[in-house]
Structure formats: structure tokens, C-alpha cells
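Q: got a sequence here, can you build the structure:
(one chain, ligands or ions: 2)
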Amino acid sequence: MAQFPEITRIEYEGPKSKNPLAFRWYNPDGLVEGKSMKDHMRFSVVYWHTMRGTGGDPFGPGTAVRPWDDGSNSLDNALRRVEVAFEIFTKLQAPFYAFHDRDVAPEGNSLAESHKNFDRIAKSLKEHQDATGVKLLWGTANLFSNPRFMHGAATSCNLDVFAYAAGQVKKCLEVTKMLGGENYVFWGGREGYQNLYNTDMKRELDHLARFFHMAVDYAKQINFSGPFLIEPKPKEPTKHQYDSDAAACLNFLRAYDLKEHFKLNIETNHATLAGHTMMHELDYAGHQGVLGSIDANTGDLLLGWDTDQFPTDYYLTTQCMLAILKHGGLTTGGVNFDAKVRRESFEPVDLFHAHVGGMDAFARGLKIAAAIRADGVLDQFVKERYGSWDTDLGRRVEAGQESLASLEKYMLDKGEAAPNASGRQEYLENLINQYL
Ligand code: XUL
Ligand code: CO
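A: Ligands and ions are numbered 1, 2, ... in the order given. Take a look at the predicted model:
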């Protein structure tokens, strides 16, 4: 039975439409830079916020009205959720979804029982995927909610907890593979520390790397070919998360010989918590060759935590798409809405308003970014800014053919550096406004 009989499939109606449940910018088959918007964006809905979010916060319980959910931990309730989830995905025209093992299936009283529950729900997910064509963008194991993970999972001081997490990830990889998941994500939930007095940081990082190598080995064994993605976040829940930003993740991956198997899943609100912009994190991951996927959301300018709001700001989505297009697009990744409706937006229909707005904001950002790239003014400016390097001497320095001594000689002969040119920041900010 449909839960949203009054909502039909959300369609593209164009920028003049006043219909709040229509796309004004997202035209799945519309071409941008020769590729359909659907293929550029690969939109994905997350199971945890959309199907499991209640609106609870530290000051009060959930407010969300979800008539299909009886609040119980039963398999029947979980199966009902699957039904509703796929109604939402298809009505939104979202080609992908993403989950944690414990979002979709109830945790049992033992690892064996949890595995059994997960298998039962995975069967239903598979049937719904086959019936609708919706695909799994990525799976991940929840290694942070259960109290056993209080000290971390792969970085726990308790070996049994490490082993439990290993069993959970093994199963989640199998299910992700069975469902055709295109990536597998590690967000380091409680992999970090609150206090260094009680923490052997070196040992914890070694264990984390060992854990990832085991996952790589097992993926090979079961022929799971999708990349692993690490999702950087600097804090919350721990004071210091080991995967604190893209650069920290890159260093970890290189130090432990894991880089060829991993890319990054960059999340907007995590980037800002790290004191970076999303564009910075995307560009950094991009030029290091590890831009895998994005968790699309936004924080709040005035709040310093992970508010996971739906993105509606065209500057933000334009910057995201500029960076993504620059680095060749999302290949196995997607624009995954790791975002939740506000506690006050408690009605089921708010889930639609939220996603429609996020999808439209990204589609608009894509079109603006493509227009900026087509004009080429911004690119040309940057190219000219570094023009002094496009000379014989510049090329020789870049190729490692010059030395401190040779450059000293060059400058002693020349006497003084050539004058600098203006950075023209204000001109460029005005230029970007021309496209919005
Ligand atoms: C937490 C977060 C997670 C990951 C998946 O801030 O973003 O939901 O995306 O574990
Ligand atoms: Co996320």
C-alpha cells in the first residue's frame, strides 16, 4: 500500500514552475557538457536519516510522524520500511540509496542473529532493487551506535571489539556485494580519542590500518571491486577523529600502503567542521586522485556542529560542481544526501520537499558551473596568473632541473623579481555572481 498516494513521481517542469513538488532545474535526461544530469549527479537517498531519523535531539525525543513505522525493532517493521523507502526513492527519481547495516535490519542479541536479520532484509532490498531499478551506491557498517563501540571499533583498546567489528564488516561487504553496491564506505564513527592520557595513538592507527588491509583482502576474496571510501570528519563524536580531513586521510593511506584501494567520500558539513570549505576538500581529494563520492549537505553558519541540513545554497552547489567537473566527475560515486529534515519539519511530505530542493540546488549548481567553464574566463585568469611558470625557466624548475644555486645566479643577474599582478579577488567574486 502506497504511503504517499497523493504524491506522484516528481517531474521536471522547468524554472517557471510554481509546483513545490516538481523539479525546476533537475532534468534527468537534460545534457550538460554532453552527459545527462542523471549521470552527472547520481543522486542517492540515505536510509539512516530518511527512514530512521526521528528528529530526537539531546533536549527532547523524536517528533517525526511516520505512520508506517511502529517504532519497534521487529523484522516486520523493518520490512515495511523497505517498502516505503523504495516508494520514496522512485517518486524522487533517485537512482541510488545508501545504508548502514543497522539502519536496514534490527540488531539481534548476538552477531549470528544480527547476520540473520540482515540477510532477511537484504533479500527484500534485492527484490525491491530488481523491481524498481534503484541501485545501491554504498553500504557501510554501523560501528559506533552500540555501547560496545564506546572506545572505537578498529581502534578499540579491546581486542574483542575489534574482532566483533571485523565480523560485522565482513558481513556488510558480502551484503553490499550481493546488492551490487558500487562502493563501500568507512566513516570512522568512534575511531579517534577524547583524551591522550589514556590513548596509545600509534597503536590505534596501526590497528586501523590492519583492519582496512583485512577488508581489502576480503573484498578480493569475494570479488567486490568497488572502491573503499573513507569519509573524513574532524570531530564529533570524538574530540579528535583520526580521519580528520582529506589531507590527513591521504597521509594515513600512503603511510600504510592503502592508497590504491581507497578513495574519499567528502561531506560538506565535515569539511566545514575541519575549518575548510567543501571546495577545498574536493579540490584536494581531486588533485590527489582520490575523489570518490560526496555526502551532500550543509552546516549552519551560526552553529558549530554537524547539523546535516539539506543543501539549498547555489554558491555551495556551484562550487561543488566546479570542483567535481574539474576532476572528471563522480565515477562510482554520487551526490548522496547525508542530510536530515529539521525537527520541526515532522510531516512525511517534508522528506520530499527536502530532497526536491537539494536535487534542484545541485542541478542548478551543475548548470552554473558548466556555464562558467564554457566561458573559460575563470580558467583563463588562473592560467595567466601562473604565466611566469609557462616559460623555459619555469618548466625547468617544475621538472627538477634547477637548484638553489642556479636560481641564485638567475636572480643575481636579474637583480629583482618581476612585479606582481593583482589577485583580483573582488573582480572574480563579481564575475561568479554574473552566472548566478
Ligand atoms: C556521520 C556521517 C555518517 C556517514 C556514514 O557524520 O556522515 O552518517 O556518512 O557512516
Ligand atoms: Co556522511
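Q: mind pulling up the pLDDT for Met1?
A: We note a pLDDT of 81 for Met1 in this prediction.
Q: distance of Met214 from Lys170?
A: 8 Å (C-beta to C-beta, to the nearest Å). For the C-beta atoms, the positions are set from N, CA and C on the backbone; glycine is no exception.
Q: centre of the chain to whatever helix or strand Tyr218 lives in, how far?
A: Secondary-structure assignment from DSSP states H and E places Tyr218 in helix 201-221. Helix 201-221 sits 21 Å away from the centroid of its parent chain (C-alpha atoms, centre = their mean, to the nearest Å).
Q: helix, strand, or coil at Gln129?
A: State at Gln129, reduced to three classes by DSSP: H, G, I helix; E, B strand; the rest coil: helix.
Q: picking up where we left off before, and for the helix holding Tyr218, what's in contact with it?
A: By C-beta atoms under 8 Å, 6 or more residues apart in numbering, the list of residues contacting helix 201-221 from outside reads 152-155, 157, 162, 165-166, 169-170, 173, 184, 186, 188, 191, 193, 224-225, 228, 242, 252, 255-256, 258, 261-262.
Q: count of neighbours near Lys116?
A: Using other C-beta atoms under 10 Å as the criterion, Lys116 is surrounded by 13 other residues.
Q: list the residues that contact the residue lying closest to it once chain neighbours are set aside.
A: Spatial nearest neighbour of Lys116, excluding adjacent residues (C-beta to C-beta, 6 or more residues apart in numbering): Gly108 at 6.7 Å. Under the criterion of C-beta under 8 Å, 6+ apart, the contact list for Gly108 reads Ser114, His115, Lys116, Asn117.
Q: kindly report the same for Arg385.
A: When contacts are counted by C-beta under 8 Å, 6+ apart, Arg385 is found next to Ala421, Gly423.
Q: state the distance from it to ligand 2.
A: Plainly put, Arg385 is 34 Å away from ligand 2 if you go by C-beta to the ion, to the nearest Å.
Q: and that residue, what's its pLDDT?
A: You'll see Arg385 listed with a pLDDT of 98.
Q: list phi and psi for it.
A: Its backbone dihedrals place Arg385 at phi -60, psi -30, with angles given as degrees, to the nearest 10.
Q: quick revisit: out of the contacts of Gly108, which sit inside helices?
A: For the contacts of Gly108, the ones inside helices are Ser114, His115, Lys116, Asn117, with DSSP state H as the criterion.
Q: among those residues, the buried ones, what's the PyMOL command?
A: This is the PyMOL syntax for the buried subset of the ones in helices among the contacts of Gly108, where burial follows 16 or more other C-beta atoms under 10 Å:
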select buried, resi 114+115+117
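Q: hang on, the earlier thing: what is the mean pLDDT for the helix holding Tyr218?
A: If you average the pLDDT values across helix 201-221, you get 98.
Q: list the buried residues in that helix.
A: In terms of neighbour count (16+ other C-beta under 10 Å), helix 201-221 has its buried residues at Glu204, Leu205, His207, Leu208, Ala209, Phe211, Phe212, Ala215, Val216, Ala219.
Q: out of those residues, which one sits closest to His270?
A: Relative to His270, the closest of the buried residues of helix 201-221 is Leu208; by C-beta to C-beta it sits at 17.6 Å.
Q: quick one: which of the contacts of helix 201-221 sit in helices?
A: Among these, the members falling in helices are Phe162, Ala165, Ala166, Val169, Lys170, Leu173, Phe252, Ala255 (criterion: DSSP H).
Q: tell me the spacing between Leu301 and Glu6.
A: As judged by C-beta to C-beta, Leu301 and Glu6 stand 35 Å apart.
Q: repeat that for Val169.
A: With distances defined as C-beta to C-beta, the gap from Val169 to Glu6 amounts to 41 Å.
Q: the more surrounded of the two?
A: Legend: neighbour count by other C-beta under 10 Å for Val169 and Glu6, higher for Val169 (25 against 7).
Q: excluding its backbone neighbours, what's nearest that one?
A: Nearest one to Val169, counting by C-beta to C-beta, 6+ apart, is Ala141 at 5.0 Å.
Q: what does Met321 give?
A: Computed as C-beta to C-beta, 6+ apart, the closest residue to Met321 that is not its neighbour in sequence is Ala369, at 3.8 Å.
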